[in-house]
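[1] Predicted model, plus sequence, below.
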Amino acid sequence: MKPYNFCVNRGRLVAAVMAGTFCLAATSAMARDIPVLPELAIAGPESMLVKSLHEISDRRIDSALNGIEHLLKTNPNFRLAHLIRGDLLLARSRPISNMGDAAGVSLERIADLRAEARVRVQRHQEPVSRDMVPKYLLQMSSDQKYAVVADTDKSRLYIYQNVQGKARYLADYYISSGKNGSQKLKEGDQKTPLGVYFITANLPRAKLTDFYGSGAFPINYPNEWDKRHGRSGYGIWLHGTPSDTYSRPPRASDGCVVLANQDLDAVATTLQVGITPVLISDKVEWANPDEVIAQRNELAPHLENWRRDWESKNADNYLAHYGRDFSSGGQDLARWSQHKRQVNVAKSWIKVDISNVSMLLYPGRDDLIVVSFDQDYSSNNLSNKMKKRQYWMKEKNGHWRIIYEGAA
């Protein structure tokens, strides 16, 4: 076999990929550029691809090519893998200075694939710390078996499992998000919303066009916080890819979160309609479990005091838990207070039990927590059970107050 030709650029492979260039350089500096992680032993398309990149940097070109070709046998629509295979074959005849360094190839498409390579390599350079958790998962309710956390900047979706109310890392996956970035504001802006959302439906493949792949899971965008801020739009889903596409570029959707079909199928097993939270951030913030517990413990007494004051029939104490800018179902604080005072007049006793409490810190804010729970209400003339959702905001004086309340 003809020996491979390499470019003389002494830049390191990972640095080249991260910068948007790709150099097959036979230098000793490249040998340990991509660390061999234990996760690479887990058979998966992304791990196999990154393993091949490591082998390129270690000058094991035949092994890298064999790995890529094996990957393509099981995932023939993986365009990034095709690009790397083409580079490896082209390197036999001439030096290559950039990923996709071939004539007649769409520069836009190559840029998209370079961006995908960059975020996939970054994931393996910066593995998920098992000692840290997303700071938003303050408490998962007993019926929330899993939580989904998406990072649009890193094109990554994380699955956390509920282990006795605490979040434990389970898996993570590459995702594509809005063409124009994140923080959706209006319909048609092709941005992915940021916030706390919940799965609202499970749409199987049979009810969808091929564009959505193996299925779709709508979320409740716009949520109450979005509506309060005038954000519009609809149809934000977690969904798959067309049958001829393994994965889409990091910025390619109209606002949805898109996964490879096999990844969506795996994630689907963790999703519960009406229950599973989906937290979307443009940069996930991490915290150690003690910090998360401290944040949860800060709000928990306020929630209990609200429940107790409602039972006491002391309207002043009860209404003191609501913020000045409270709104719910078209009612502001004045109308809400008037209604609650009128209702209390007819009560000789009230009993309120709450259970299955979840607390989710809103991405991008340290002063807003979404609380959901099962409420069992009874009085001398009414009894009902419901799942309730509240938004608690921390005021400048340090007090936590409710700014939204309604059925979940």
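    Sure thing, it's come through.
[2] need the helices for the stretch 1-150 of the chain, in chain order.
    Under the criterion DSSP state H, counting those that start in this stretch, the stretch 1-150 of the chain contains helices at 13-19, 45-57, 61-74, 79-90, 107-125.
[3] Please work out which of those is packed deepest.
    Compared across these, helix 45-57 shows the largest average neighbour count, a mean of 23 (mean count of other CB atoms under 10 Å). (Glycine included, C-beta is placed from N, CA and C.)
[4] taking the mean pLDDT, what do you get for that one?
    Per-region confidence: helix 45-57 scores 90 on mean pLDDT.
[5] Now do that helix: which elements does it pack against?
    Judged by 3 or more CB pairs under 8 Å, 6 or more residues apart in numbering; DSSP states H and E, the packing partners of helix 45-57 are helix 13-19, helix 61-74, helix 79-90, helix 107-125.
[6] Kindly recompute the last result at 6 Å.
    Counting contacts by 3 or more CB pairs under 6 Å, 6 or more residues apart in numbering; DSSP states H and E, helix 45-57 is packed against helix 61-74.
[7] how far is the helix it packs on from where the chain is centred?
    Taking CA atoms, centre = their mean, to the nearest Å, the mean C-alpha location of helix 61-74 is offset from the chain mean by 30 Å.
[8] Please apply the same query to stretch 226-238.
    The chain centre lies 16 Å from the centre of stretch 226-238; the measure is CA atoms, centre = their mean.
[9] what do you get for stretch 46-56?
    How far stretch 46-56 lies from its chain's middle: 25 Å, per CA atoms, centre = their mean.
[10] picking that back up, wait, which of the helices of the stretch 1-150 of the chain is closest to S176?
    Checking the helices of the stretch 1-150 of the chain against S176 by CB to CB gives helix 107-125 as the closest, at 8.5 Å.
[11] mind checking how far the closest one is from the chain centre?
    The answer for helix 107-125 is 19 Å, by CA atoms, centre = their mean.
[12] and if you look at stretch 145-161?
    So, by CA atoms, centre = their mean, the centroid of stretch 145-161 is 3 Å from its chain's centroid.
[13] Enumerate the positions of that stretch that are buried.
    Neighbour-count burial for stretch 145-161 flags 146-152, 154-161 (criterion: 16 or more other CB atoms under 10 Å).
[14] what domains does the record give for the chain?
    Following automatic domain parsing, the chain resolves into domains at 13-125, 133-287, 289-407.
[15] Would you single out the least confident of these?
    When those are ranked by mean pLDDT, domain 13-125 comes last with a mean of 75.
[16] ok, the residue of the chain most remote from its centre - contacts?
    Distance from the C-alpha centroid of the chain peaks at S348, with 46.7 Å (CA atoms, centre = their mean). When contacts are counted by CB atoms under 6 Å, 6 or more residues apart in numbering, S348 touches N380.
[17] tell me the secondary structure for it?
    Secondary structure state of S348, per DSSP: H, G, I helix; E, B strand; the rest coil, is coil.
[18] Number of residues surrounding L203?
    Counted with other CB atoms under 10 Å, residues neighbouring L203 total 14.
[19] Report the contact partners of it.
    A216 are the contacts of L203 under CB under 6 Å, 6+ apart.
[20] Who is it paired with across the strands?
    A216 (DSSP bridges).
[21] cool, V371 as well?
    Going by DSSP bridges, V371 is paired in beta bridges with M359, Q390.
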